[in-house]
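J.: Here is the input, now give the coordinates:
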Amino acid sequence: MIDTDMRYYEQKPASGKAPESLVILLHGLGADGRDLMGLAPFFAERLPDTAFVAPDAPFPCDMAPMGRQWFSLQEWTPETILAGAKSVVPVLDAFIEAQIARFDVAPEKLVLAGFSQGAAMSLYCGLRFRAPPAGILGYSGWLIGEEDFGGEGMQTVPVHLIHGEADPVVPVFAWRHASETLRKAGYPVGGEVRPGLAHGIDDAGIASGAGFLERVLKV
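T.: Next up is the predicted model:
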């Protein structure tokens, strides 16, 4: 059963002031919201007036004894992955709307950021949100639903994608494909491949992501 009241973890602005912007962090398969909250203190060094929120995905992971998932990946086909992403968008949209209202920030001061399956969901949901967010930051993810590009309801959003060159879980081809597809569709895309990195986030990737957040949120 889908959990429509998702548990979440948060870090309020390091400045102690009311938030001027919001970053929502979406974890990967088999993890939970606490996994990506470790990024918040590093990002906050450049963004002291930003709040960070990381929800638990709405489903228990069906491939591990612990952790959560946004949708099942037991059947890895484009059709089942697209159906899974579509099924969870209403719940994720509602969560985003609730956080925007709670922190009283506009969508243009929101960034969706994610790792692996969370990066795929950040891209899928962020590109289709009711208003364009400030940007989308993805680590080790992939692109879902590219057949929608150019259609109604798609937002033009800055995207920054970072991927490990030696990723055995989501091969680096996914980074190349997503970057090229987005650029051809007219999206401003940045990011990098991290040499020798497997399925993870390294210090250089954190710095690259922090730089992107600073560029799109401090405007």
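
J.: hey, let's count contacts and neighbours off CA atoms from now on
T.: OK.

J.: how about the longest helix along the chain: buried residues?
T.: When the chain is scanned for its longest helix (criterion: DSSP state H), the result is helix 78-103. Buried residues in helix 78-103, counted by 16 or more other Cα atoms under 10 Å: 81-82, 84-86, 88-89, 91-93, 95-96, 99-100, 103.

J.: Ok, stretch 183-194 next?
T.: 187, 189, 191-194.

J.: again with stretch 195-211
T.: The neighbour-count check on stretch 195-211 (16+ other Cα under 10 Å) flags 197-201, 205-206, 208-210 as buried.

J.: Tell me which entries of these lie within strands.
T.: Cross-referencing those against strands under DSSP state E gives no overlap.

J.: which one among those residues gets closest to L123?
T.: The shortest approach to L123 among the buried residues of stretch 195-211 belongs to G209, at 14.9 Å (Cα to Cα).

J.: Hmm, L137 and the closest one touching each other?
T.: Yes - with contact defined as Cα atoms under 8 Å, G209 reaches L137; the gap is 6.8 Å.

J.: Give the intersection of the neighbour lists for these two.
T.: With Cα atoms under 8 Å, 6 or more residues apart in numbering applied, the overlap between the contact sets of G209 and L137 consists of H160.

J.: check contacts around A18.
T.: A18 is in contact with 49, 103, counting by Cα under 8 Å, 6+ apart.

J.: where's it, which helix or strand?
T.: Secondary structure from DSSP states H and E places A18 outside every helix and strand.

J.: Renumber starting at 16 from here on
T.: Sounds good: first residue 16 from here, last item A33.

J.: Where does confidence bottom out across the buried residues of stretch 198-209?
T.: For these, the least confident position by pLDDT is Y202, scoring 92.

J.: Wait, it touches P173, no?
T.: Yes - the pair formed by Y202 and P173 meets the contact definition of Cα under 8 Å, at 6.4 Å.

J.: re the thing from before, return the member of the buried residues of stretch 210-226 nearest to R61.
T.: When those are compared for distance to R61 (Cα to Cα), A225 comes out closest, at 7.0 Å.
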